[in-house]
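Chemist: Using only what follows, build the 3D model:
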Amino acid sequence: MSFDLLAGTAGYLPLLAFALAAIGAVLLIASLLALRRARLWRFALRIALAGVLLALAAFTAGLHGYARLTHEELAAQISVRPIGAQRFEATFRFADGRVAIYQLAGDEIYVDAHILKWKPVAHLIGLHTLWSLDRVAGRYRSLEQERSAERTVHPIAAEPVVDLFALRRRFDALAPLYDAEYGSASFVAVNKPAELELRVSTSGLLIRAADQKR
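Modeler: Numbers count the residues shown, from 1 in each chain. Model (predicted):
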């Protein structure tokens, strides 16, 4: 399983973002010098290029932390064990090496994720659908308990450098490039200790027993 984003180049994204930001900063300084010397055309050109490069730097930084969704991928291994009546503990071992333990209330474990779907114009430059886990929660089978009983919800995503979902919802100008939407969630019952796998496929999230054949 690989968490590479763009054809195996995920590790270079922070470096690329830094390089774009550095060049953008240099152009920004150069534009201010041109303005000081009353060279308006040079100022306009440099400030425009600086803006484009800084925007690309922010966008590239935002891509870091997402995984390509081109086939089924292992997102996390989950160990669950009941610790009381309608209470259980879930230990997540994420594919990027992180480990986290969550105390949850309910009968089932529930996980959802964010999905970034690129428009055809973005596919032309090699971008693929990306995903990032969002939250884990306890879920009750009873609708009445779901409304009135204790709710437990925890974020499971790494803090993004740039939130591409927030940017898409804030700026309509990004609409021709990509859609920001929630992918499907998945949940399974927790009534005994179990080893589970959280997987992401082109059809959404899947939680299954670790020894279950695919």
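Chemist: What residue spans form the domains of the chain?
Modeler: The chain breaks down by automatic domain parsing into domains covering 10-63, 67-209.
Chemist: would you list those domains in a markdown table and tack on mean pLDDT and mean neighbour count?
Modeler: C-beta coordinates here come from the backbone N, C-alpha and C atoms, glycine included. Compiled in a markdown table, the domains of the chain are given as follows (pLDDT from 0 to 100; neighbours: other CB atoms under 10 Å):
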| stretch | mean pLDDT | mean neighbour count |
| --- | --- | --- |
| domain 10-63 | 73 | 16 |
| domain 67-209 | 82 | 16 |
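Chemist: which residue ranges form the helices in the protein?
Modeler: Defined through DSSP state H, the helices belonging to the chain, from first to last, are 13-36, 40-63, 120-123, 143-148, 164-170.
Chemist: Could you export the second one as PDB, keeping only the C-alpha atoms?
Modeler: Once non-C-alpha atoms are left out, helix 40-63 reads as follows in PDB (Å, rounded to 0.1, in the frame of the first residue of the first chain):
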ATOM      1  CA  LEU A  40       4.600  50.200 -13.600                       C
ATOM      2  CA  TRP A  41       4.600  47.500 -16.300                       C
ATOM      3  CA  ARG A  42       7.400  45.600 -14.500                       C
ATOM      4  CA  PHE A  43       5.500  46.000 -11.200                       C
ATOM      5  CA  ALA A  44       2.300  44.700 -12.700                       C
ATOM      6  CA  LEU A  45       4.000  41.700 -14.400                       C
ATOM      7  CA  ARG A  46       6.000  40.700 -11.300                       C
ATOM      8  CA  ILE A  47       3.200  41.100  -8.900                       C
ATOM      9  CA  ALA A  48       0.900  38.900 -11.100                       C
ATOM     10  CA  LEU A  49       3.600  36.200 -11.400                       C
ATOM     11  CA  ALA A  50       4.200  36.400  -7.600                       C
ATOM     12  CA  GLY A  51       0.500  35.900  -6.900                       C
ATOM     13  CA  VAL A  52       0.300  32.900  -9.200                       C
ATOM     14  CA  LEU A  53       3.400  31.200  -7.700                       C
ATOM     15  CA  LEU A  54       2.300  31.800  -4.100                       C
ATOM     16  CA  ALA A  55      -1.200  30.400  -5.000                       C
ATOM     17  CA  LEU A  56       0.500  27.300  -6.500                       C
ATOM     18  CA  ALA A  57       2.700  27.000  -3.500                       C
ATOM     19  CA  ALA A  58      -0.400  27.000  -1.200                       C
ATOM     20  CA  PHE A  59      -2.200  24.500  -3.400                       C
ATOM     21  CA  THR A  60       0.800  22.200  -3.600                       C
ATOM     22  CA  ALA A  61       1.100  22.300   0.200                       C
ATOM     23  CA  GLY A  62      -2.600  21.400   0.500                       C
ATOM     24  CA  LEU A  63      -2.100  18.300  -1.600                       C
END
